[in-house]
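Participant: Kindly return the folded structure for what I paste below:
(one chain, ligands or ions: 2)
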Amino acid sequence: MTHPGLFLTLEGIDGAGKSSHLDALEALFTAEGRVVTRTREPGGTPLAETLRTMILTQAMDPLTESLLVFAARRDHIVQVIEPALARGEVVLCDRFTDATFAYQGEGRGFDKAVLATLEQWAQARGGALLQPALTLWFDLAPEIAAERLAGARLPDKFESQPVEFFRRVARGYAERAAAAPRFVRIDASRSREQVWAQVEASLVQRGVVGRKRSQ
Ligand SMILES: Nc1ncnc2c1ncn2[C@@H]1O[C@H](COP(=O)(O)OP(=O)(O)OP(=O)(O)O)[C@@H](O)[C@H]1O
Ligand SMILES: Cc1cn([C@H]2C[C@H](O)[C@@H](COP(=O)(O)O)O2)c(=O)[nH]c1=O
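Facilitator: Ligands and ions are numbered 1, 2, ... in the order given. Okay, the predicted model is just below:
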C-alpha cells in the first residue's frame, strides 16, 4: 500500500526535550509500515550541515544568519524533503521554518517581512508553499529548559544566550502556534513518559497514526 508523504516537524526552545522523542516517533511510524526519513535543521545534507556548523559557532548579524538558515533549508528541501515526500515517506524533521521566525524573528528581533520573503523563495512548491502537515510544539518555560541543559552538554551559540532571549523565542513560537492549526502544543514540563503520551495521543487524534491497541 502506498501512502501520501507526511511532513512532521518538532519545535521548541533549546532544551524543551523534543529530540528525546525522535527514536520513539520513528519507531511508531515504522511499526505502521511507513518509511521514515529522519532529519534536522539547520542541516540534513552535507552542504546544509556545513552551514549549520557556521550558524551554530560563528557570530554574525541577523540578516547573514537568516540567509544562511534559508540557504541550508533550500538545499535540504531540494535534496531530501521533497524527494522523500514524493516517495510517500514520513519526513520527521527536528526544526524547520517556525524556528527561523522564533529565533531570528523574535529572538534576534529581525524583520519578519524579510523572513516571509525568504520563506517564499526557499519553500515555493508549484503555486503554494511547502509547509509541515503537523508541528509538535514542545512548550517549556525557559528557566526549566536552562536547568535541564545545565551540565547536559557544552552550550552552542544559541544555548549560551540569556534567558530573556529564550523568553522572546518562546513568545515567537506561541504566536506561530496561535496562527496555524497544524500546531499541536505539548506540555513539555511533564515527565518524559507523560510528554510521550501527549505526543502519541495527538498523532492518533489527528489521524496520522492508528488508534493505540490499549485504547
Ligand atoms: N520530560 C523531561 N523531563 C526532564 N528532563 C528531560 C525531559 N525531556 C528531556 N529531558 C532532558 O533535557 C535535556 C534536553 O533534552 P533534548 O536534548 O531532548 O531537548 P531538545 O529540545 O532537543 O534541545 P535542543 O533543541 O537544544 O537540541 C536532556 O538532558 C534530556 O535528557
Ligand atoms: C532551524 C533553525 C534553528 N535555529 C537554532 C535553534 C537551535 O538553537 C539551533 C539548532 O540546534 P538543535 O540542537 O539542533 O536544536 O539552531 C535557528 O536559530 N534558526 C533556525 O531556522
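Participant: now what about the lowest-mean-pLDDT helix or strand in the chain, what contacts it?
Facilitator: In the chain, the helix or strand scored least confidently by mean pLDDT, DSSP states H and E is strand 124-125, which has a mean of 90. Contact partners of strand 124-125, identified using CB atoms under 8 Å, 6 or more residues apart in numbering, comprise Glu82, Leu130. To be clear about C-beta, it is placed using only N, CA and C from the backbone, and glycine gets the same treatment.
Participant: Run through the neighbouring helices and strands of the longest helix along the chain.
Facilitator: As assigned by DSSP state H, the longest helix anywhere in the chain is helix 163-179. With contacts taken as 3 or more CB pairs under 8 Å, 6 or more residues apart in numbering; DSSP states H and E, helix 163-179 sits against strand 134-139, helix 142-149, strand 183-187.
Participant: Go through the ones you listed and pick out the most buried.
Facilitator: Most buried of the helices and strands packed on helix 163-179, by mean neighbour count (mean count of other CB atoms under 10 Å): strand 134-139, with a mean of 22.
Participant: Tell me which residues are up against that one.
Facilitator: With CB under 8 Å, 6+ apart, strand 134-139 has contacts from 6-12, 16-18, 96, 98, 170, 173-174, 176-177, 180, 182-188, 195, 199, 202-203, 206, 208.
Participant: who does that strand pair up with?
Facilitator: Next to strand 134-139 in the sheet, as set by DSSP bridges, lie strand 6-11 (parallel), strand 183-187 (parallel).
Participant: quick one: average pLDDT of the last one?
Facilitator: This means strand 183-187. Strand 183-187 shows a mean pLDDT of 98.
Participant: Quick check: Arg182 touching Thr97?
Facilitator: No - using CB atoms under 8 Å, Arg182 is not in contact with Thr97; the gap is 11.8 Å.
Participant: Give the residues shared as contacts by these two.
Facilitator: Joint contacts of Arg182 and Thr97 (CB under 8 Å, 6+ apart) are Gln131.
Participant: Output the set of residues of this protein in proximity to ligand 1.
Facilitator: 12, 14-20, 148-149, 152, 191-192, 195 (CB under 6 Å from any ligand atom).
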